[in-house]
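Asker: no FASTA, just this:
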């Protein structure tokens, strides 16, 4: 592309630097100082005392919960999401744009409304039971199953979209060639299609993994407050104006995120396939 | 593509034009659905002021909105302990009573005066300041806390009447299979356990913290929620929960308006108000970031009119703070209109101020204490 | 009986027809179940919106009153209006700016492009509460100069912050796919670079721009946390309003009605689009029976 257009990227560079770098620095500063609403500028000093939040049992358990649920959600989303993306790719329906929009359409409704309605039908007496006469979920409200179900079906569209984008670029001739060479359909999939779609799987996984790890609304509503995620703890810290602990925990999550971005770049040197 | 962009742009432009309006505005930061739309309309008509309402769901969010100075609300309606905190941090303007002539029309209820006095007391104990909170706040609604329970569970009502808090906090001794829920505000959970232990809920030390932790752990809560508590009890998905009395009345009013009788509703779920319980008061205050201070006073003055206060209470399940307004409500006890009659009856049952009770308003605790309490609650919840 | 000739199975051919049948049934079942899972909450919301009672746990009678009631809920209407205002402005701006930024980034040397694309990912991946809070801190600094900045402006800026990266990410791969000769040819014909950009490059990356716009709108419409921290007084969007009301009081079922309408209208829009495309294609096929014109990307 013409070098003349480089100037077009300048404003975005400034924008990103200001809005990404400075806030991260500020968070680190708040996390390691005594700054809060009642401290005046002159009294600010560095302190590492907030680090004790990281070793508290509730923090560790919450982090463990987040991590386990995020991993499980990502894995299940990968299996089912890949399957759906593959079916979309194979489908005879020409207008893939319509299918993809249908996949993402549920996300246009409010997340809280969707989650509350799931929580509703997962309890013992609910609106579907009064219509159908039986419970489709049994009584799983408040259990890990409810949370996992909510997370999987909330974030699966991200996986489907990313995997589909990767699958779309695969040349169909390659598949035919593989079959001609005598590979079974399953082998063909493993040896030819899957490796070529791996980028999409990685980006999709990260797009599912991170919101699950940092989110708080879905576990809060679907576990009926019984399963605490790290996002709930951070949220509470900010709400009850304990910014120091909140910022510190947020920085820890951020480290996780930067780690995963590094992971992307390992798979994808251009760092551009996210989506 | 171009057309889509153009259409979207024109659409957004038209929204901007619609949004522009020359009338003076009064910005209120309120709890969700905590005002009668009729009151808003009446005020707008009488004073030619447009009311713009923003909502939040906790006192702490109110606080952060005002404290960050990123907003310019003219009226905020926080609860007692948050008003203490806001006054201490100089976030509120003093009221100008010369602009509030209707103040002489109303008498605050005894309970309301008690709460204001106790706020002054706890502030003095904490910081040595002697503050008359009437200078900053005019009561909006108030109410008690209680244990909302599922009346479909045999014998629960009688047990609660007889043993009070113990039924809720001792699953080993009473109704071991009952599903218990707790309000997911750390200070509420702590305070309720303190009252069960016979303490003042505003006291704090590490021994008490450990005691309340054991109490809360032993209660085997199956839900930590907010308004989901009342809905789950109503739907027979939960049996007991500590919550606002007004939460119960909210659901009650809805069921009444859908044609159920008071007896029918009470037979399915009801609320027990312990002899020692928490009270709260939400009051109108003017933050010092306010722009339309005159309009704010006009609005407060408007709601000091007992007629308007009673009108506001028609859709909100909490108790009015003025005796004159309460009398207006009670005057419907013999009304022909069933809905109005039920409304008045519910008020007379649940906000009967003649029963002798010990009321504790929550005080504003130090941030470090609140943090210890919320960490304790997090530990209980993570098990 | 002894085998005299090698069957085709001995050459490695296996008969999959039976397996394939079972496989395709399972496949269809699975697709239906997953789609049902994706749409389950939407279906429940629709049922709740048709319930006469405000009670969410039992269905009493079919009623459309909550649909009629939408316009009468002033606060709700206001929130819907604000949501549309913010999301449409943010989406249009994000699509417009994002496209040009992407072109600018694409023109960079490969090394710095990789670096900036890496940073571009941070707003997408960052936890909402961290983004929301830190943006508020940044906009707070601007308040010294512009005291009334909080409101529509900060909300749109915040939404731009997390929607623009999506546009850039969707546009970038399409830019790579375009033929570099296209631009050169245009320049050789004497068109000025920026005119060539609009006349030649933009049409070539149309599909990427469109999917970027779709994603930007999706993210913007559903955002609560970032919006909450960055809105001003009296400018709540739908998510903020729902979150505050659902926390303590009773949500009017009109919210469910609105949500259902939004989904329905989008679906109808998509179907009409699909239908129109088909018709267009049909006509083209009539005219030109030898080759079918595919108008999709």
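Answerer: Sure, I can see it. Please read these numbers as outputs of a predicted model, since none were measured by experiment. Numbering: from 1, shown residues only, chains lettered A, B, ... in the order given.

Asker: give me the helix or strand of chain B that scores worst on average pLDDT.
Answerer: Counting by mean pLDDT, DSSP states H and E, chain B has its least confident helix or strand at helix B:2-19, which shows a mean of 55.

Asker: can you list the buried residues in the helix or strand just after that one?
Answerer: Later in the chain than helix B:2-19, the nearest helix or strand by DSSP states H and E is strand B:25-31. Going by neighbour count (16 or more other CB atoms under 10 Å in any protein chain shown), the buried part of strand B:25-31 is B:25, B:26, B:27, B:28, B:29, B:30, B:31. (C-beta placed from N, C-alpha, C; glycine too.)

Asker: how near is the fifth one to chain C?
Answerer: Yep, that's residue B:29 we're talking about. 7 Å (CB to the nearest CB, to the nearest Å).

Asker: hey, which strand is longest across chain B?
Answerer: The longest strand of chain B (DSSP state E) is strand B:138-150.

Asker: got the angle between it and strand B:25-31?
Answerer: Interaxial angle, strand B:138-150 versus strand B:25-31 (axes from the mean of the first three to the mean of the last three CA atoms, to 10 degrees): 30 degrees.

Asker: how about strand B:138-150 and chain A, any contact?
Answerer: No - against chain A, strand B:138-150 shows no contacts by CB under 8 Å from any CB of the partner chain, the least distance being 11.0 Å.

Asker: and that strand, does that touch chain C?
Answerer: No - judged by CB under 8 Å from any CB, strand B:138-150 makes no contact with chain C; its nearest approach is 12.1 Å.

Asker: report the central residue of chain C.
Answerer: The structure's chain C has its C-alpha centroid closest to residue C:215; by CA atoms, centre = their mean the separation is 2.9 Å.

Asker: surely residue B:37 and residue C:74 touch.
Answerer: Yes - Residue B:37 is in contact with residue C:74 according to CB atoms under 8 Å; the separation is 6.3 Å.

Asker: now the longest strand of chain B, how far from the centre of its chain.
Answerer: 7 Å (CA atoms, centre = their mean, to the nearest Å).

Asker: after that strand, which helix or strand is next?
Answerer: Sequence order places helix B:156-163 as the next helix or strand after strand B:138-150, per DSSP H and E.

Asker: circling back: how about the contacts made by the closest residue to the residue nearest to the centre of chain C other than its chain neighbours?
Answerer: In space, and not counting its chain neighbours, residue C:215 is closest to residue C:166: 4.2 Å by CB to CB, 6 or more residues apart in numbering or on different chains. By CB atoms under 8 Å, 6 or more residues apart in numbering or on different chains, the residues touching residue C:166 are A:275, C:94, C:98, C:124, C:212, C:215, C:216, C:219.

Asker: residue 60: neighbour count?
Answerer: I'll assume chain A. For residue A:60, the count of nearby residues is 13 (other CB atoms under 10 Å in any protein chain shown).

Asker: my bad, the chain I had in mind was chain C
Answerer: Based on other CB under 10 Å, the number of other residues close to residue C:60 is 14.

Asker: nearest spatial neighbour of residue B:110, chain-adjacent residues omitted?
Answerer: Residue B:110 sits nearest to residue B:353 (CB to CB, 6+ apart), 6.8 Å away.

Asker: secondary structure class of the one you found, three-state.
Answerer: At residue B:353 the chain is in coil, as set by DSSP: H, G, I helix; E, B strand; the rest coil.

Asker: could you measure it against residue B:44, distance?
Answerer: From residue B:353 across to residue B:44, the span is 33 Å (CB to CB, to the nearest Å).

Asker: and the contacts of stretch C:252-267?
Answerer: By CB under 8 Å, 6+ apart, the residues outside stretch C:252-267 that reach it are A:101-102, A:105-106, A:108-110, A:113, B:33, C:42, C:45-46, C:48-49, C:51, C:54, C:66-67, C:69-70, C:73, C:76, C:80, C:242.

Asker: which of those fall in helices?
Answerer: A:101-102, A:113, C:42, C:45-46, C:48-49, C:66-67, C:69, C:76, C:80, C:242 (DSSP state H).

Asker: re the thing from before, any idea which element the residue nearest to residue C:215 lies in?
Answerer: helix C:152-177.

Asker: of the contacts of stretch C:252-267, keep whichever come out buried.
Answerer: A:101-102, A:105-106, A:108-110, A:113, B:33, C:42, C:45-46, C:48-49, C:51, C:54, C:66-67, C:70, C:73, C:76, C:80, C:242.

Asker: looks to me like residue A:249 is in a helix.
Answerer: Yes - in this structure, residue A:249 lies within a helix as judged by three-state DSSP.

Asker: what is the neighbour count of it?
Answerer: Neighbours of residue A:249 (other CB under 10 Å): 27.

Asker: quick check: pLDDT value at the residue of the stretch 51-200 of chain B found nearest chain C.
Answerer: Per CB to the nearest CB, residue B:57 is where the stretch 51-200 of chain B lies closest to chain C, at 3.0 Å. At residue B:57, the model reports a pLDDT of 79.

Asker: what about it, distance to residue B:122?
Answerer: Residue B:57 is 25 Å from residue B:122, where distance means CB to CB.

Asker: do residue B:86 as well
Answerer: From residue B:86 over to residue B:122 (counting by CB to CB), the distance is 14 Å.

Asker: give me the more crowded residue out of the two.
Answerer: Neighbours per residue, other CB under 10 Å: of residue B:86 and residue B:122, the larger number sits with residue B:86, 24 against 20.

Asker: in terms of secondary structure, what does the helix or strand containing that one contact?
Answerer: In the assignment (DSSP H and E), residue B:86 maps to helix B:80-88. If contacts are counted by 3 or more CB pairs under 8 Å, 6 or more residues apart in numbering or on different chains; DSSP states H and E, helix B:80-88 sits against helix B:59-67, helix B:110-127, strand B:276-284.

Asker: how far is the second one from where the chain is centred?
Answerer: It stands for helix B:110-127. Here the centre of helix B:110-127 is set off from its chain's centre by 18 Å, with CA atoms, centre = their mean.

Asker: show me where the stretch 1-150 of chain C has helices.
Answerer: Secondary structure of the stretch 1-150 of chain C by DSSP state H, counting those that start in this stretch: the helices cover C:17-50, C:65-69, C:74-106, C:110-125, C:128-142.

Asker: for the stretch 51-200 of chain A, same thing?
Answerer: With DSSP H, counting those that start in this stretch as the criterion, the stretch 51-200 of chain A has helices spanning A:57-90, A:96-104, A:111-122, A:127-132, A:144-168, A:172-180, A:185-188, A:194-214.

Asker: quick one: is the longest one near chain B?
Answerer: I take that to be helix A:57-90. Yes - Helix A:57-90 lies within reach of chain B by CB under 8 Å from any CB, at A:57, A:58, A:59, A:61, A:62, A:65.

Asker: now pLDDT, neighbour count and distance to residue A:158 too, for the residues you listed, in JSON lines please.
Answerer: Output for the residues of helix A:57-90 next to chain B, formatted as JSON lines (pLDDT from 0 to 100; neighbours: other CB atoms under 10 Å in any protein chain shown; distance: CB to CB, whole Å):
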{"residue": "A:57", "pLDDT": "83", "neighbour count": "12", "distance to residue A:158": "32"}
{"residue": "A:58", "pLDDT": "85", "neighbour count": "20", "distance to residue A:158": "29"}
{"residue": "A:59", "pLDDT": "87", "neighbour count": "24", "distance to residue A:158": "27"}
{"residue": "A:61", "pLDDT": "90", "neighbour count": "19", "distance to residue A:158": "27"}
{"residue": "A:62", "pLDDT": "90", "neighbour count": "24", "distance to residue A:158": "23"}
{"residue": "A:65", "pLDDT": "91", "neighbour count": "20", "distance to residue A:158": "21"}
